[in-house]
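Q: Here is the input, now give the coordinates:
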Amino acid sequence: MKRLTILALSMLAGLAQAQSFPSKNISIVVPFAAGGPTDRVARDLAESLRKPLGATIVIENAAGAGSTIGTAKVARAAPDGHTLLLTHIGMASAPGLYRKLAYKPLEDFEYLGIINDVPMTLIGKPQLPATTYRDFENYIRTNSGKLNLAHAGLGSASHLCGLMWQSAIKLNTAMTTVPFGGTAPAMTALMGGQVDVMCDQTTNTTSQIEAGRVKAFAVTTAKPLSGHKLLKDYPTLAEMGLKNFNLTIWHGLYAPKGTPAAVTKKINDALKVALKDPEFIKRQEALGALVATDKRIEPAEHKAFVADQITKLKTVIDAAGQYAD
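A: Residues are numbered from 1 along each chain as shown. Sure thing, here's the model as predicted:
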């Protein structure tokens, strides 16, 4: 009887919190600098969340240490729904890249839903002799010990993609990886022919492909990008024989662990409304992102997806022995 009373009181307290939520401004913490792709996703989402949540939403940038500083900040925040985290694939790559992490991704957060996916493209310098993916892979296999693979820094999207692709094609001799201090210098080196290959997000590569400054060979999504005006004719790596290869830079929304279920449901309901907002969809398409419409918009499926990604990425990172700490 006592347990039932405690449970009932707890449910009533949660319901009361949900009814009064939000009672102040909501802060969405972005663990990256302002102006980057993740920051832009957060600001677009905030515009579409304001109405269904009935609150002012403020974006707070807390950059540093490959997104782990801002993520840890939200893990320590009050679990009342007024401080949220919006981050990308770093939620899944950090446990592999950092052997000492100040938070546990699967234990310290309430999962609120996946927002979008940004496809990746495998590109090469314009001087490469290959024109198709098959020719490209054959060229890489023949010359792997002589070629280099650029990325935007340890733990970046381009770094992870490069690791996964090299692992998938099982090169006898790995390409030399060349880290840069960001996407811009890596892309400049690729266009200038100083490096040979890179894998990066469509948000960074589409304009360069369209202008003919780099060569494109494949996309990393599970299905062809049939709706993309430029990339619709490029094959997926899975189609080219790399079974089950599927890598996108996805973004998700999170709350601190212990946020009442009634509050997280209210946020998830608002997120589902925002993801159907035509203006949000239009803005995301302009970034080269695909708004999530699958089961990962549900909290449980979101968490299961991240758990799978953690295992997958840690395996590749451990095999390469490349860590950020």
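Q: Tell me who's in contact with the nearest residue to Thr248 once chain neighbours are set aside.
A: Excluding its sequence neighbours, the residue lying closest to Thr248 (CB to CB, 6 or more residues apart in numbering) is Asp117, at 3.8 Å. (Each C-beta comes from the backbone N, C-alpha and C, glycine too.) Counting by CB atoms under 8 Å, 6 or more residues apart in numbering, Asp117 touches 221, 248-250, 289-290, 292.
Q: How about the contacts made by the residue lying closest to Gln322 once chain neighbours are set aside?
A: Nearest residue to Gln322, sequence neighbours excluded (CB to CB, 6+ apart): Leu154, at 6.6 Å. Residues near Leu154 by CB under 8 Å, 6+ apart: 66, 97, 179, 322, 324.
Q: In helices, which of the residues you listed fall?
A: Counting by DSSP state H, the part of those found in helices is Leu97.
Q: Make TSV out of the contacts of Leu154 and add distance to Thr56 and neighbour count.
A: Shown next, in TSV, are the contacts of Leu154 (distance: CB to CB, whole Å; neighbours: other CB atoms under 10 Å):
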residue	distance to Thr56	neighbour count
Gly66	30	20
Leu97	35	21
Pro179	40	16
Gln322	41	16
Ala324	35	17
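Q: Just give me the closest of the contacts of Leu154 to Pro37.
A: Gly66 (14.9 Å; CB to CB).
Q: what about Gln165, which SS state?
A: If you look again at residue 165, you'll see it is Trp, not Gln. helix (DSSP: H, G, I helix; E, B strand; the rest coil).
Q: Where does the nearest residue to it once chain neighbours are set aside fall, secondary structure wise?
A: In this structure, Trp165 finds its nearest non-sequential neighbour in Cys199, 5.9 Å apart by CB to CB, 6+ apart. If you go by DSSP states H and E, Cys199 is part of strand 197-201.
Q: on that earlier part again, would you turn the contacts of Leu154 into CSV with distance to Ile57 and pLDDT?
A: As requested, those are exported to CSV (distance: CB to CB, whole Å; pLDDT from 0 to 100):
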residue, distance to Ile57, pLDDT
Gly66, 25, 90
Leu97, 30, 95
Pro179, 35, 95
Gln322, 36, 87
Ala324, 30, 88
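Q: What is the longest helix of the protein by residue count?
A: Longest helix in the chain, counting by DSSP H: helix 299-320.
Q: what about the strands in this structure?
A: 26-30, 57-61, 83-87, 109-124, 148-151, 176-179, 197-201, 215-219, 248-256, 290-291 (DSSP state E).
Q: For the third one, list every residue counted as buried.
A: When burial is assessed from 16 or more other CB atoms under 10 Å, strand 83-87 yields the following buried residues: 83-87.
Q: Stretch 141-149 - what's its average pLDDT?
A: For stretch 141-149, mean pLDDT rounds to 94.
Q: which outside residues touch stretch 317-325?
A: Looking at what lies outside stretch 317-325 - CB under 8 Å, 6+ apart - the contacts are 65-66, 93, 96-100, 154-155, 159, 163, 167, 177.
Q: What's the end-to-end length of it?
A: Its start and end residues considered, stretch 317-325 measures 13 Å (CA to CA, to the nearest Å).
Q: quick revisit: list the buried residues of the longest helix of the chain.
A: Neighbour count says helix 299-320 has 299, 302-303, 305-306, 309-310, 312-314, 316-317, 320 buried, by 16+ other CB under 10 Å.
Q: Repeat that for stretch 47-63.
A: The neighbour-count check on stretch 47-63 (16+ other CB under 10 Å) flags 48-49, 52-53, 55, 57, 60-63 as buried.
Q: measure Glu279 to Thr176 for me?
A: Taking CB to CB, to the nearest Å as the measure, Glu279 falls 44 Å from Thr176.
Q: out of those two, which sits in the busier spot?
A: Thr176 (14 against 11; other CB atoms under 10 Å).
Q: in this structure, which ranges drop under the pLDDT threshold?
A: Counting by pLDDT under 70, the chain contains low-confidence ranges at 1-18.
Q: and the longest helix of the chain, how far from the chain's centre?
A: 12 Å (CA atoms, centre = their mean, to the nearest Å).
Q: quick check, nearest of the buried residues of strand 83-87 to Met191?
A: Distances from Met191 to those, taken by CB to CB, are shortest for Thr87, at 29.3 Å.
Q: beta partners for the closest one?
A: Gly252 (DSSP bridges).
Q: That one and Ile267, how far apart?
A: Thr87 is 16 Å from Ile267, by CB to CB.
Q: Equivalent analysis for Ser156, please.
A: 29 Å.
Q: Neighbour count for the two, which is higher?
A: Under the criterion of other CB under 10 Å, the comparison of Ser156 against Ile267 puts Ile267 first, with 26 against 23.
Q: out of everything not next to it in sequence, what's closest to that one?
A: Nearest residue to Ile267, sequence neighbours excluded (CB to CB, 6+ apart): Leu112, at 5.4 Å.
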